[in-house]
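A.B. asks: okay, predicted coordinates and the sequence, questions at the end:
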Amino acid sequence: MTRAISAENFDALIQRRLLARDFIWFVVKDLETGVPVTDGYWSDVGTISAGVIDPDTGSVATRTFYGAGGLISISDVPLVSNLTVQHVTVTLSQVSERINDLVRGYECKQGKVQIFRGLFDPATRNQVAPAIPRFAGTIDEAPITTPKEGAAGDVTLTCTGNTQELTRSNPDTRSDASQKLRDAADDFLRHTATVADWQLFWGKDPGTLGSGGFSGSSFIARAARASGAVLGR
């Protein structure tokens, strides 16, 4: 699988002049108001304003990412060229006050998560180019545990890629009611609920019993008489 990268990143890779860092961006909800709240972390110390390529728009955005040991690890991100659903595990430090505020003070489950990989010049410590997106999805599980004395208390988030949305079935039904939600004047599905019970009368009027209709046997008799043939021989 090939990946398109910027000329600056490609030049740094050729010269073996790079220092990789991971960035993670969360969009969670306020527990009281439901208003989206953003927060970001990176795999280094201190706070940095870094450029990233937004996976939703493809444009470059400058975001603030916090370090100080908040982000512990990110599992391997599967690189696929098809619609396979990706799963990623993110481990955060529960010791960090900022992480505690994130997972305990906001609704993280079903929140958005984006993961980027940025390259830095080891000589200047400057970012070579905007960080490229490696993963975009939602947080499926965000358990909060209180560890025993002396045990690890890391926060592990289970994330699923956005391609999972392509596997969901549409709960909407082909009905007149659902069609009218789109266009009140659309009667295309007006008879959907009853058409399976319709009785179709071929060759006779509804409610008649043979003599008044146009059955298959009467058609044969009339055709025979018209041709001069005698039935029964």
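C.D. replies: Sure thing, it's come through.
A.B. asks: in the chain, what spans have low per-residue confidence?
C.D. replies: Within the chain, the ranges that satisfy pLDDT under 70 run 1-4, 68, 151-152, 171, 204-233.
A.B. asks: end-to-end on stretch 167-184?
C.D. replies: Length of stretch 167-184, first residue to last, C-alpha to C-alpha, to the nearest Å: 30 Å.
A.B. asks: give me the contact list for that stretch.
C.D. replies: 85, 186-193 (C-beta atoms under 8 Å, 6 or more residues apart in numbering). (Each C-beta comes from the backbone N, C-alpha and C, glycine too.)
A.B. asks: just the buried residues from these, in ChimeraX please.
C.D. replies: Those of the contacts of stretch 167-184 that count as buried under 16 or more other C-beta atoms under 10 Å are selected in ChimeraX with:
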select :189
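A.B. asks: all helices for this structure, in order.
C.D. replies: All helices of the chain, identified by DSSP state H, fall at 7-14, 97-105, 176-182, 216-227.
A.B. asks: ok, back up a step: of the contacts of stretch 167-184, which is the nearest to E32?
C.D. replies: V85 (32.5 Å; C-beta to C-beta).
A.B. asks: tell me how far the closest one lies from V37.
C.D. replies: Remark: distance between V85 and V37 (C-beta to C-beta, to the nearest Å) = 26 Å.
A.B. asks: could you do D56 as well?
C.D. replies: Taking C-beta to C-beta as the measure, D56 and V37 are separated by 17 Å.
A.B. asks: which of these two has more residues huddled nearby?
C.D. replies: Just comparing D56 and V37: by other C-beta atoms under 10 Å the higher neighbour count belongs to V37, 16 against 11.
A.B. asks: was I right about that one contacting W25?
C.D. replies: No - checked against C-beta atoms under 8 Å, the pair V37 and W25 is beyond contact range at 11.8 Å.
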